[in-house]
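In: Got a sequence here, can you build the structure:
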Amino acid sequence: MIEQQYIDIFNQYRDTIDSKSVAVLNNLREKALDAFQKQGFPTKKLEDYLYLDIAAEFMPDFGLNLNRVPFAGNPYMAYRCEIPNMTTNLYFVLNDLFHEEHKPKVEYPEGVFVGSFKQFSKQNPGTFTKYYGQIADLYNNGTVAFNTMFAQDGFVIYVPKGVIVEQPIQLINILKSEFNYLVNRRILIIAEDDTQVKLLICDHTVDESQFLATQVTEIFAGKNAIVDYYDLEENSDKVTRLTNTFVHQEEASNVLVNNMTLNTGVSRNNYHVKLRGEHSEAYVCGMVIADRNQYVDNFAFLDHAKPHCTSTQLFKYVLQDEAKGAFCGRILVEKDAQKTLAYQSNNNLCISPTAHMYAKPQLEIYADDVKCSHGLTTGQLDEEALLYLRSRGIGKDAARLLLMQAFTAGVLDHVRIPRLRDRLADLVEKRFKGESARCGNCAVCK
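Out: The predicted structure follows:
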C-alpha cells in the first residue's frame, strides 16, 4: 500500500519536519496523520474520482526536501515573469521553498503582510493560528491530509480591515530538480472586512524531471471583501498537480477563482466554496487546453448556506489528440438559503475523435424560492461556422483558430484585470497555434 510508505517516512522524519517548520503547522500534523490513515488517497471507487487514480500518481520514487535545503541563486535575476504594462509585486516559491529576499516594487498600505508562513508566524502568531487549517477539510480528501502532514512553509497574504491593495500580487511557482521530486505547497489569503486584494499564481517547470505537486489554498473573505484568485498553469507534461482550494465568504463578500490550464501532464483541481454570509457572490471559472495524453480534472462544490447569495460556475475545455478531461460541478442550496441565484455551465470541444470528456453537473436544492440552472454541452467545432468563415476568404486553420478563441472567451471575460485578460488571450492564441504558451519575456520559458 503506497500510503504506508509515506506514513513510515512521516514517522521516521517527524522531528526533522517539525524542526524545519513552525508551531502552527506542527500542531495540525497529528490530526492530519489520523485523517490520512483512516482514508488514504482517493481512489476510483469514489464517485468524484472515477477517472483518476490518485494513489498511482504517488507510486514513483520522489525526493522530498524535508531538510529545507535552499535553492541556489537569485530567482529575481534568473527568472522574469511580468505582464506587459502591469506592474505586480512579485514573489517566488522554488519547489516548495519561499524565496525570502524580496522588496516589493510598490509599498503596501500599513498592516498588510505578504510573505512566508515563517515570517507571518513571528509577526502575527495569533492571526496565523486563528486561520491556518480551519477550512481545509482533512477528513474528506486524503491529499489535503497528506499535504498538511508534510507542508513546512507556505505563502500568506493578510489584509487588515478596511485596507485596499491596489497592486496585483504575483506568485511564481517554479519546479526545478535533477531528479523526481515531490513538493507540498500551502497558500493562505486572509481578507478582513471591507478589503480588496488580487493574486495571480503562475506555475512553471524548468527541468525535465518528473514532479508531483500538492497544493492547499485557504481563502477567507470577510464582510464586503473582494478577492481575486487567478491560477495559471504552464507546467511540463511530466508534472502531476493536485490542488485543493477552500473559500469561506462572509456577508456581501465577492470572490473570483479563475483557473487556466494551458499545459500540464495530469491535473486535478478541487474547489470548495461556502457562502456563509447574506448577499455574498462567488465566481468559480476554469479554462482547459489539453492535447497529446494530458489529463485535466476539475471538481467544484459551491455551498449556499445563507439567503440572497449568487454563484456562477463556468468551465470550458478544448481537447485535442488523445487528451482527456473531466468536470464535476455541484451546487448545494441549504434549506435556509432562500433567494439563491446559482448558475453552472460546462462547455467542451473535442477537436479530435480520440479526445474524451467526462462531465457531471449536479444540483441539490432544499429551499423553494431559488433560481438555479446548469448546462452542459460537448461536441466538435461547428462545421457550418467553419464553412461560413472559409466562404469569407479565411483559411481553414485560421478559421479553426478563430472559433476556438471565441469558445474560450467567456472564461477570459471573467478576468477582472484588463491587462491580464489581454495577456491571457495572447497566450491562448499561441497555445492554439502550437507555439509556446509561456510568458514571452519570462526567462523560465526560454
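
In: okay but D203 is in contact with N173, surely?
Out: Yes - when contacts are counted by CB atoms under 8 Å, D203 is listed as touching N173 (4.7 Å). (Each C-beta comes from the backbone N, C-alpha and C, glycine too.)

In: who touches both of the two?
Out: A213 (CB atoms under 8 Å, 6 or more residues apart in numbering).

In: Any stretches of the protein with poor pLDDT?
Out: Scanning the chain with the threshold set as pLDDT under 70 gives 73, 77-85, 102, 382, 384, 386, 388-389, 396, 436-446.

In: ok, for the residue most central in space within it, nearest residue in space, not its chain neighbours?
Out: Most central in the chain under CA atoms, centre = their mean is D231, positioned 5.1 Å from the mean C-alpha point. Nearest non-adjacent residue to D231, counting by CB to CB, 6 or more residues apart in numbering: N259, 4.5 Å away.

In: List the first helix or strand encountered after the helix or strand hosting that neighbour toward the C-terminus.
Out: Take DSSP states H and E as the rule and N259 turns out to sit in strand 254-263. Later in the chain than strand 254-263, the nearest helix or strand by DSSP H and E is strand 266-275.

In: strand partners of that next one, parallel vs antiparallel please.
Out: In the sheet, strand 266-275 lines up against strand 239-249 (parallel), strand 295-304 (parallel) (DSSP bridges).

In: so who does G142 touch?
Out: Contacts of G142 by CB under 8 Å, 6+ apart are 3, 35-36, 39-42, 54.

In: farthest-separated two in those?
Out: Pairwise distances among these were taken by CB to CB; the largest, 14.9 Å, belongs to A35 and I54.

In: Show me where the stretch 101-250 of the chain has its helices.
Out: 117-123, 125-131, 142-150 (DSSP state H, counting those that start in this stretch).

In: just those: most buried one?
Out: Of all these, helix 142-150 carries the top mean neighbour count, a mean of 25, counting by mean count of other CB atoms under 10 Å.

In: from the middle of its chain, how far away would that one be?
Out: Its chain's C-alpha centre and that of helix 142-150 lie 16 Å apart, by CA atoms, centre = their mean, to the nearest Å.

In: quick thing: my sequence starts at 21, can you match it?
Out: Okay, using 21 as the starting number, the last item reads as helix 162-170.

In: Distance check, the residue nearest to D251 against Y69.
Out: 18 Å (CB to CB, to the nearest Å).

In: So for the two, which residue has more residues nearby?
Out: Remark: of N279 and Y69, N279 carries more neighbours, 25 against 20, as counted by other CB atoms under 10 Å.

In: my guess is that one contacts G306, does it?
Out: Yes - the pair N279 / G306 is scored as a contact, 4.5 Å apart, by CB under 8 Å.

In: shared neighbours of these two, anything?
Out: In contact with both N279 and G306: 289, 318, using CB under 8 Å, 6+ apart.

In: With distance to P80, secondary structure and neighbour count as added columns, please give the contacts of G162 in TSV.
Out: Output for the contacts of G162, formatted as TSV (distance: CB to CB, whole Å; DSSP: H, G, I helix; E, B strand; the rest coil; neighbours: other CB atoms under 10 Å):
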residue	distance to P80	secondary structure	neighbour count
E23	15	helix	16
A55	24	helix	22
F56	19	helix	25
Q59	22	helix	17
G60	17	coil	19
F61	14	coil	22
P62	18	coil	20
I74	13	helix	22
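
In: ok, those residues vs T330, which is closest?
Out: P62 (30.1 Å).

In: and G345, how far is that from Q333?
Out: 15 Å.

In: Over to I246?
Out: 19 Å.

In: okay, those two: which has more neighbours?
Out: Higher neighbour count among I246 and Q333: Q333, with 27 against 19, using other CB under 10 Å.

In: Please find the angle between the direction vectors of the helix or strand hosting the more buried one and strand 315-324.
Out: Using DSSP H and E, Q333 sits in strand 330-339. Going by axes from the mean of the first three to the mean of the last three CA atoms, to 10 degrees, strand 330-339 is angled at 170 degrees with respect to strand 315-324.
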